[in-house]
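Visitor: sharing a model prediction with you, sequence too.
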Amino acid sequence: MSMHTDEMIKPAVLLLEDGTFYKGKAFGKTGTAAGEICFNTGMTGYQEVFTDPSYTGQVLIMNNCYIGNYGTRNIDTESDSIKIRGLICKNIARHYSRQQADASLDDYIKDNGLVGIYDVDTRALVTHIRSKGAMNCIISSEIFDRDQLQQLLKQVPSMDGLELSSTISTRQVYDVGEEAGTGLRIAVLDLGVKRNILHCLAERGAHLRVYPAKTSFEEMEKFQPRGYFISNGPGDPAAMDYAVETVKAALDAEKPLFGICLGHQLLARANDIPTFKMHHGHRGLNHPVKNLLSGRSEITTQNHGFGVDPKAIAQSSRVEVTHVNLNDQSIEGIRVKGKKAFSVQYHPESTPGPYDSRYLFDEFISML
Ligand SMILES: NC(=O)CC[C@H](N)C(=O)O
């Protein structure tokens, strides 16, 4: 049980690149944090979202008006630590209730050294970003001077053109899943992989070998994998030529390949389809997507700020669209003609989110 008393309430501030300024209250670590501001519309799953490596470098607004209601659990994580740079909320739950919880969100955030601001009008803030688009921001519970904050904010790099995967990818090669027997060896290029993706593959009998972001195709071939998985991850796919080369080599070798989110963007790039920075991205648990091959719709989990160019795909002789977003018609899935290579922009592993798209893991496993 976590209690806040009035004496514990300290001020915090938020400044956006366009000068928008909010006063709120501090929680988590006392400090300053800056990055690209983005918002997630999910009503549950905050801990999985905070630990998703694809959020590296971002300050996150949670749209749900209360965060922390069910505390935190040591196992509800998508990586070994919180990856969001900072957190913006309307309310932090003063009490949490869940029998299996290990800690309050407040304690968890403090332990992870995350700077947070709450009591911000998040509805107004999200509406602002939806109309003005993605931009950088700074939050602080130690610096309150706007000029000083503005100076610090100017030093924060734009997400456009930023390569981040190599900063958070595994340093060492490691194995997950069945090691003796099934022969379903998959080489995983870790660009910031979520744990549940590895779990979804391993529970289908795969033996995974997970490699650092800058591993070459030749190096991974030594494992003699039956297929390649290209993971999700943070940053701008346009700044990742090294990974595009790896994907191209896997395609040239006719190896089955599955990509999720960043992996999808890289599969597009490997086929000369450029990516672009979206206005404010898709982040939530209820994005409707239509599978054009089956005619079925899925409710999907999403977390991306870049997309693949629809015009280039329409003109491509190599790639075809398999999934579209029913909200804005953006490209959600592609496959490479004549090859066993496909990818989706959304997150079939969900966590948090619905299980509608788990069939994609079955399809990849059956390709092997
Ligand atoms: N979840 C992801 O893999 C995100 C991919 C990429 N960093 C984007 O924001 O679009």
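Guide: Perfect, thanks for sending it. This one's a predicted model, so the numbers in the text were calculated from it and none came from an experiment.

Visitor: do stretch 184-198 and the ligand meet?
Guide: No - under the criterion of C-beta under 6 Å from any ligand atom, the ligand is not reached by stretch 184-198; the shortest gap measures 6.9 Å. Glycine gets a C-beta too; all of them are placed from N, C-alpha and C.

Visitor: spatially nearest residue to the residue of the stretch 101-250 of the chain found nearest the ligand (excluding sequence neighbours)?
Guide: Distances between the stretch 101-250 of the chain and the ligand by C-beta to the nearest ligand atom are smallest at Asn232, namely 3.1 Å. Nearest residue to Asn232, sequence neighbours excluded (C-beta to C-beta, 6 or more residues apart in numbering): Cys261, at 3.9 Å.

Visitor: can you report how many residues neighbour that neighbour?
Guide: 28 (other C-beta atoms under 10 Å).

Visitor: now Gly161
Guide: 11.

Visitor: any idea how far Val244 is from it?
Guide: Computed as C-beta to C-beta, to the nearest Å, the Gly161 to Val244 distance reads 15 Å.

Visitor: three-state assignment of His95?
Guide: With DSSP: H, G, I helix; E, B strand; the rest coil as the basis, the three-state label of His95 is coil.

Visitor: now do it against Ser104, distance only.
Guide: Distance, His95 to Ser104, by C-beta to C-beta: 9 Å.

Visitor: the two - which one has more neighbours?
Guide: Higher neighbour count among His95 and Ser104: Ser104, with 21 against 12, using other C-beta under 10 Å.

Visitor: hang on, isn't the more buried one packed against Thr72?
Guide: Yes - counting by C-beta atoms under 8 Å, a contact exists between Ser104 and Thr72, whose distance comes to 7.2 Å.

Visitor: same for the host helix or strand of Phe364, what does it pack against?
Guide: Element membership of Phe364, judged by DSSP states H and E, is helix 359-367. Applying 3 or more C-beta pairs under 8 Å, 6 or more residues apart in numbering; DSSP states H and E, one finds that helix 359-367 contacts helix 195-202, strand 227-230, strand 257-260, strand 341-344.

Visitor: what lies in contact with the last one?
Guide: Around strand 341-344, the neighbours that count as contacts under C-beta atoms under 8 Å, 6 or more residues apart in numbering are 230, 250-251, 256-261, 263-264, 267-268, 322-323, 332-336, 357, 360, 363-364.

Visitor: extract the CA atoms of it and return them as CSV.
Guide: Once non-C-alpha atoms are left out, strand 341-344 reads as follows in CSV (Å, rounded to 0.1, in the frame of the first residue of the first chain):
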residue,chain,number,x,y,z
ALA,A,341,9.6,-12.9,-45.7
PHE,A,342,6.9,-10.8,-44.0
SER,A,343,6.5,-8.2,-41.3
VAL,A,344,3.9,-6.1,-39.3
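
Visitor: was I right about Tyr22 contacting Thr122?
Guide: No - contact criterion C-beta under 8 Å: Tyr22 and Thr122 do not qualify, at 9.5 Å.

Visitor: quick check: the residue of the stretch 51-200 of the chain nearest the ligand.
Guide: For the stretch 51-200 of the chain, C-beta to the nearest ligand atom, closest residue to the ligand: Ser54, 3.3 Å.
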